[in-house]
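1. missing the sequence, but the structure's below:
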């Protein structure tokens, strides 16, 4: 079963509880009105639709008027509360938490809009995650741009994240590229990183641009795209190993 199907079924199960309670209250109300006054089931059901009928009934009939009205008050209170519960549950089932998600997105964007001199990391794979953690450990502000929703979900609230393609101007602007101190194109694709570098150079020429490439043959292209620093992880890793010997 896919996560989406499981989520839908979970919402349906959540909606069944208030609906079941609502039905039980209706059945209990009809039964209670019938037992208290002796009216038929249809008339008792009509009282639920038109509560003023209770008042009209006792104008021409005897019976436990006080007890019936007290019972009706309890019934209608229960129907209102369960009706509100059903409404809330159905909205959540229909929109799938979109309201909450949109609110979180707005809060994240507001926090990003307040930043300046921060570092934008494009891609939150192992390379991007490592760089983000090191920058955070020294107190730098970090914004991640990532296309994969599941990766953004794993980031949590520790790092501000924008969902989008960092090759697109819109995603870079949402990450505050014009106020950023540096942009790191750290996706595991040299061509994509070079494209990010081209767009970044046009939007924020003053920002320091670091471009990750997978091979030395891409270094000159990355430099022409505007990269101040070109990172080849395999070369850097090898240098770190030698330095540690």
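-> The structure has been received and is ready for your questions. Remember, it's a predicted structure, so these values are computed and weren't measured experimentally. Residues are numbered from 1 along each chain as shown.
2. please work out the average pLDDT along stretch 70-77.
-> Averaging pLDDT along stretch 70-77 gives 95.
3. stretch 153-171 too?
-> Here the average pLDDT along stretch 153-171 is 89.
4. contacts for it, please.
-> Here stretch 153-171 makes contact (C-beta atoms under 8 Å, 6 or more residues apart in numbering) with 108-109, 111-112, 115, 122-124, 132, 136, 141-147, 149, 152, 172, 174-175, 185, 187, 192, 195-196, 199, 203. Quick note: C-beta positions are derived from backbone N, CA and C, even for glycine.
5. so which of those are in strands?
-> In strands, judged by DSSP state E, the following of these are found: 122, 142, 143, 144, 145, 146, 185.
6. next, count neighbours for the residue nearest to the first one when sequence neighbours are not counted.
-> It refers to residue 122. What sits nearest to residue 122 in space, not counting adjacent residues and going by C-beta to C-beta, 6 or more residues apart in numbering, is residue 166, at 3.7 Å. Neighbourhood size, residue 166 [other C-beta atoms under 10 Å]: 28.
7. counting by contacts, list what the lengthiest helix in the chain packs against.
-> Looking across the chain with DSSP state H, the single longest helix is helix 3-37. Counting contacts by 3 or more C-beta pairs under 8 Å, 6 or more residues apart in numbering; DSSP states H and E, helix 3-37 packs against helix 41-49, helix 65-95.
8. so how far is stretch 52-68 off the chain centroid?
-> With C-alpha atoms, centre = their mean, to the nearest Å as the basis, stretch 52-68 stands 52 Å off its chain's centre.
9. for the residue nearest to residue 19 when sequence neighbours are not counted, give me its contacts.
-> Distances taken as C-beta to C-beta, 6+ apart put residue 86 closest to residue 19, at 5.9 Å, once the chain neighbours are dropped. Counting by C-beta under 8 Å, 6+ apart, residue 86 touches 15, 18, 19, 22.
10. now residue 86: how far from residue 218?
-> 58 Å (C-beta to C-beta, to the nearest Å).
11. am I right that the residue nearest to residue 122 is in a strand?
-> No: Residue 166 is assigned coil when assessed by DSSP: H, G, I helix; E, B strand; the rest coil, not a strand.
12. including distance to residue 28, could the helices and strands packed on helix 3-37 go into CSV?
-> Converted to CSV, the helices and strands packed on helix 3-37 look like this (distance: least, C-beta to C-beta, whole Å):
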stretch, distance to residue 28
helix 41-49, 11
helix 65-95, 7
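13. pLDDT at the most centrally placed residue in the chain, what is it?
-> Geometric centre of the chain, nearest residue: residue 101, 2.8 Å, by C-alpha atoms, centre = their mean. Note for residue 101: predicted pLDDT of 73.
14. so where does it fall, helix or strand?
-> Residue 101 belongs to helix 98-113 when elements are defined using DSSP states H and E.
15. packing partners of that helix?
-> strand 160-163.
16. which parts of the strand it packs on are buried?
-> For strand 160-163, burial by neighbour count (16 or more other C-beta atoms under 10 Å) applies to 160, 161, 162, 163.
17. how about these in TSV, adding distance to residue 230?
-> Shown next, in TSV, are the buried residues of strand 160-163 (distance: C-beta to C-beta, whole Å):
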residue	distance to residue 230
160	26
161	25
162	24
163	27
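18. and which of these is nearest residue 50?
-> Residue 50 has its nearest neighbour among the buried residues of strand 160-163 in residue 163, at 51.1 Å by C-beta to C-beta.
19. gap between the closest one and residue 82?
-> Distance from residue 163 to residue 82, by C-beta to C-beta: 37 Å.
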